[in-house]
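K.L.:
Below is the structure, and that's it, no one-letter string:
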C-alpha cells in the first residue's frame, strides 16, 4: 500500500479508470456476441442492427481511449466482412 498522498490518489484514479474501461469493453463485447449469435441463426435483420450498434460502441470506445482506433476499425471491418459473406451465401 502506498504511503504518499499522491500515490494513494493515483491508486484510486487507476481503479476508477479500470472499472470504466471494463464496463465499456463488456458493452461492446456483448454486442459483438449477440451479432455473432444472430448471424449464426440466420437472422440478418437483427444482425444488421447489431452490426450498427457494435460499430457505434467500438468507435465510441476508441474515441474515449479504451481501445486503439485501429483496433476498433479492424474489428468493425471483420464484423462487416462476416455479415456480407453470410448474406452472399
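P.N.:
Now that the structure is in, tell me what you want to look at. If you're wondering where the values come from, they're calculated on a predicted model, not measured in any experiment.
K.L.:
So for the residue nearest the centre of the chain, what's the pLDDT?
P.N.:
The residue lying closest to the centre of the chain (Cα atoms, centre = their mean) is residue 28, at 3.1 Å. Looking at residue 28, its pLDDT reads 97.
K.L.:
cool, and residue 13?
P.N.:
97.
K.L.:
where's it relative to residue 31, distance?
P.N.:
To residue 31, residue 13 is 28 Å away according to Cβ to Cβ, to the nearest Å. From N, CA and C alone the C-beta is placed, and that goes for glycine too.
K.L.:
neighbour count winner among these two?
P.N.:
residue 31 (20 against 10; other Cβ atoms under 10 Å).
K.L.:
Check the offset of the host helix or strand of residue 29 from the chain's centre.
P.N.:
Secondary structure from DSSP states H and E places residue 29 in helix 5-41. Helix 5-41 sits 8 Å away from the centroid of its parent chain (Cα atoms, centre = their mean, to the nearest Å).
K.L.:
After it, which helix or strand is next?
P.N.:
helix 44-63.
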